[in-house]
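> pasting the structure only:
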């Protein structure tokens with residue numbers, strides 16, 4: 001459950017808010033206002049008390065006071081749809097048409113299932129002479145009249161952050177009534193919110209089969225595909241909408257994001273620049289432009305874009321972390337002061353707060369202020385950890401299953417299966433282990449193409465987990481299902497991987513798949529692509545683990561937000577890699593980061609020999625290679641080899657006792 005949901009879950013405040021709502025229904029304005037103020041004295045950021053107070057003040061015709069309360073409510077809960085609807089009602093009471101329209105428009109963007117907002121917009125648009133928009137609002141009013149009340153209520157719960165309650169209500173509705181387009185749409189949106197993306201994709205496919213002209217559902221379908229890194233499929237859906245509605249802003253933003261995901265960085269930059277010209281103060285677009293420019297190696301322009309995003313929204317933490325994440329950027333005193341103020345502000349949202357914490361940690365580390373730096377890293381990780389669903393025991397059980405099933409005898413019995421291609425080179429390991437450096441070395445070779453952290457192999461493993469009918473046995477899952485697959489199945493899966501990765505490649509003989517988590521899928525890689533090369537990027541335990549603790553990842557890698565979780569994951573990784581060494585001797589080349597730093601030329605020759613590539617001096621001069629780099633190490637691999645990051649953890653050694661203990665003596 002996210003932070004907003006947690007705040008609105010049933011708790012001790014519910015009887016109190018129920019009593020206040022009862023007073024409002026009975027038109028006891030003064031009593032409701034007084035009781036809401038008393039409640040806020042005890043709980044000043046409570047969303048429901050603030051909202052009830054604003055409503056009571058408007059009913060009592062104290063509009064300026066109501067607007068002041070709504071401003072406080074927005075500071076604490078900026079995505080609460082009903083606050084904007086209430087603001088619209090306040091402006092209507094003052095006969096202020098333009099601000100009322102703006103408020104109601106914001107409300108329905110956050111929650112399209114607000115009949116009162118659409119009805120008000122219908123009238124206000126007509127007054128403003130905006131006939132077409134009035135007609136559209138009227139159609140939404142009629143649409144909502146045709147939607148069962150349970151679905152409207154569930155949509156409002158979802159928009160208000162009450163995810164669990166919304167899901168319960170909509171599942172009950174579907175059990176009673178069967179397929180319903182809007183109900184399935186909402187369940188899919190809940191799936192996207194909770195990262196249950198395969199279920200969301202299937203639900204939205206069903207919605208579009210029933211309502212192929214439902215463009216909002218098609219956009220949501222594209223979003224579910226994008227979040228699964230199915231960029232080409234998502235782009236097809238977005239293009240279908242843009243062919244009908246070429247000015248559709250969300251689709252244009254997603255189109256730029258998809259170009260970036262497909263590795264077409266310059267195309268993405270151009271589209272983001274067009275959007276920013278139309279929306280010059282949109283911090284999200286400026287931030288996305290910065291990410292694209294960083295990927296292209298245009299650091300100065302990326303910095304300008306990030307600073308633009310920060311200036312447009314001072315409490316927006318991600319631009320500051322993006323600057324810190326360049327690893328080479330240094331914050332000035334004014335930046336440091338601004339970040340401290342924003343991080344300490346009680347109205348700063350949790351996600352922004354932990355972005356500020358990680359940025360402050362890096363800024364203070366660069367200044368040699370290690371104690372306070374660690375305090376911010378620790379605070380940022382604690383905040384991020386609260387929203388993660390990582391359960392180490394689940395992955396540890398999966399690793400034990402892999403070791404039990406995928407033995408040396410198991411592989412010997414399946415010699416010769418899989419697609420014959422030797423094109424892929426997999427780089428596996430842990431994040432922050434030197435894998436981007438190895439990728440840059442290999443991508444500097446004339447026959448090798450660097451792509452990105454591809455999602456195809458984990459998705460292949462996931463399909464085997466979900467599609468148990470392949471084994472014609474409903475109780476067989478992954479990895480047991482590997483024992484039921486035929487040589488034809490393994491060949492088909494290998495060819496599917498090669499086909500699915502084509503959009504990220506340009507036709508060079510070899511390509512790199514640098515997804516570190518593929519160390520969990522080495523059995524599958526070997527079975528479907530037996531001629532692929534696999535390199536294990538290894539870094540010593542303390543340096544690797546602490547480097548992950550300092551890193552705020554854009555998505556995934558949820559094991560990194562606790563020192564204990566990082567240590568457990570590192571131990572699992574070592575155990576599983578030791579198993580692969582025993583079950584598949586010689587299959588994986590281990591490359592120690594320290595050795596690459598100490599002997600670059602020798603390490604390059606060893607890597608190229610393993611990959612059966614001729615030596616090229618460009619691989620030693622890797623930092624001169626111009627290519628897109630998508631990871632946090634993008635700027636580091638554009639510099640000559642150095643020891644800057646090798647022993648950085650030692651500055652923080654006084655506070656890393658828990659990590660050492662959790663690693664249990666692993667070096």
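Looks like it arrived, so ask away. These numbers come from a predicted model, not from an experiment.
> For the stretch 401-550 of the chain, give me the ranges with low pLDDT.
For the stretch 401-550 of the chain, residues meeting the criterion pLDDT under 70 lie at 466-476.
> what about stretch 585-603, how long is it end to end?
Taking CA to CA, to the nearest Å, stretch 585-603 runs 20 Å from one end to the other.
> Would you list the phi and psi of residue 425?
Backbone torsions of residue 425, given as degrees, to the nearest 10, read phi -120, psi 110.
> Report the contact partners of it.
When contacts are counted by CB atoms under 8 Å, 6 or more residues apart in numbering, residue 425 touches 442, 448, 510-513, 532-535, 611. C-betas here are computed from N, CA, C, even on glycine.
> Among the residues you listed, which are located in helices?
Taking DSSP state H as the definition of helices, those contribute residue 442.
> In strands only, show me the contacts of residue 425.
In this view, these that belong to strands under DSSP state E are 448, 510-513, 533-535.
> could you measure residue 338 against residue 311, distance?
To residue 311, residue 338 is 10 Å away according to CB to CB, to the nearest Å.
> which one of these two has more residues nearby?
With neighbours defined as other CB atoms under 10 Å, residue 338 and residue 311 compare such that residue 338 has more, 17 against 13.
> worst-scoring helix or strand of this structure, pLDDT-wise?
Across the helices and strands of the chain, mean confidence by mean pLDDT, DSSP states H and E is lowest for helix 3-8: a mean of 35.
> Please pull up the helix or strand immediately following that one.
From helix 3-8 onward toward the C-terminus, using DSSP states H and E, the following helix or strand is helix 14-25.
> Which strands or helices does that next one pack on?
Packing partners of helix 14-25 (3 or more CB pairs under 8 Å, 6 or more residues apart in numbering; DSSP states H and E): helix 29-42, helix 47-59.
> contacting residues around it?
Outside helix 14-25, the residues that touch it by CB under 8 Å, 6+ apart are 29, 31-32, 35-36, 39, 48-49, 52, 55-56, 59.
> let's see 10 Å
Applying CB atoms under 10 Å, 6 or more residues apart in numbering, the external contacts of helix 14-25 come out as 8, 11, 28-36, 38-39, 42-43, 46-49, 51-53, 55-56, 59.
> which of the residues you listed count as buried?
Buried residues within those, counting neighbours by 16 or more other CB atoms under 10 Å: 8, 28-29, 31-33, 35-36, 39, 46-49, 51-53, 55-56, 59.
> residues touching residue 363, list them.
320, 323-324, 329-332, 335-336, 339-340, 369, 373, 376 are the contacts of residue 363 under CB under 10 Å, 6+ apart.
> which SS class is it?
Following DSSP: H, G, I helix; E, B strand; the rest coil, residue 363 is assigned to helix.
> pLDDT score assigned to it?
What the model reports for residue 363 is a pLDDT of 97.
> Check residue 631 and give its pLDDT.
The per-residue pLDDT reported for residue 631 equals 51.
> Same check on residue 596?
Note on residue 596: pLDDT of 92.
> Number of residues surrounding it?
Residue 596: 21 neighbours (other CB under 10 Å).
> and what of the one 3 residues further on?
Around residue 599 there are 13 other residues, counting by other CB under 10 Å.
> And for residue 142?
10.
> Look up how far residue 421 lies from it.
Taking CB to CB as the measure, residue 142 and residue 421 are separated by 56 Å.
> Check residue 328 too.
Taken as CB to CB, the span from residue 328 to residue 421 is 38 Å.
> about what we covered before: next, format the helices and strands packed on helix 14-25 as a markdown table and append distance to residue 158 and mean pLDDT.
Below are these laid out as a markdown table (distance: least, CB to CB, whole Å; pLDDT from 0 to 100):
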| stretch | distance to residue 158 | mean pLDDT |
| --- | --- | --- |
| helix 29-42 | 25 | 94 |
| helix 47-59 | 15 | 94 |
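> circling back: of the ones in strands among the contacts of residue 425, which is the nearest to residue 585?
residue 534 (12.7 Å; CB to CB).
> So that closest one sits against residue 581, correct?
No - using CB atoms under 10 Å, residue 534 is not in contact with residue 581; the gap is 11.2 Å.
> Find residues that contact each of these two.
Contact criterion CB under 10 Å, 6+ apart; residues shared by residue 534 and residue 581: 587-588.
> Comparing these two, which shows the higher neighbour count?
Higher neighbour count among residue 534 and residue 581: residue 534, with 22 against 14, using other CB under 10 Å.
> From residue 593, how far out is the more buried one?
Counting by CB to CB, the gap from residue 534 to residue 593 is 17 Å.
> swap in residue 262?
For residue 262 relative to residue 593 (CB to CB), the value is 30 Å.
> neighbour count winner among these two?
Between residue 262 and residue 593, counting by other CB under 10 Å, residue 593 is the more crowded of the two (23 against 17).
> Nearest spatial neighbour of that one, chain-adjacent residues omitted?
Closest residue to residue 593 apart from its sequence neighbours, by CB to CB, 6 or more residues apart in numbering: residue 434 at 3.5 Å.
> Quick one: neighbours of the one you found, just the number.
Residue 434 has 28 nearby residues by other CB under 10 Å.
> Just to check, it is in contact with residue 596?
Yes - taking contacts as CB under 10 Å, residue 434 lies within contact range of residue 596: 6.4 Å.
> and for those two, which residues touch both?
Residues touching both residue 434 and residue 596 by CB under 10 Å, 6+ apart: 537, 539.
> Outline the domain layout of this structure.
Structurally, the chain divides into domains by automatic domain parsing as follows: 314-386, 393-663.
> Distance check, residue 446 against residue 616.
Residue 446 is 6 Å from residue 616, where distance means CB to CB.
> Just give the closest residue to residue 331, not the sequence neighbours.
Once chain neighbours are set aside, the closest to residue 331 by CB to CB, 6+ apart is residue 363, at 4.3 Å.
> any idea how far that neighbour is from residue 654?
20 Å.
> Kindly report the same for residue 432.
Residue 432 is 21 Å from residue 654, by CB to CB.
> So which of those two has more stuff around it?
Neighbour count, other CB under 10 Å: between residue 432 and residue 654, residue 432 has more, with 27 against 10.
> residue contacts, the spatially closest residue to that one that is not a sequence neighbour?
Of all residues not flanking residue 432 in the chain, residue 547 sits nearest, at 3.9 Å (CB to CB, 6+ apart). Counting by CB under 10 Å, 6+ apart, residue 547 touches 430-434, 539, 560, 566, 632, 645, 648-649.
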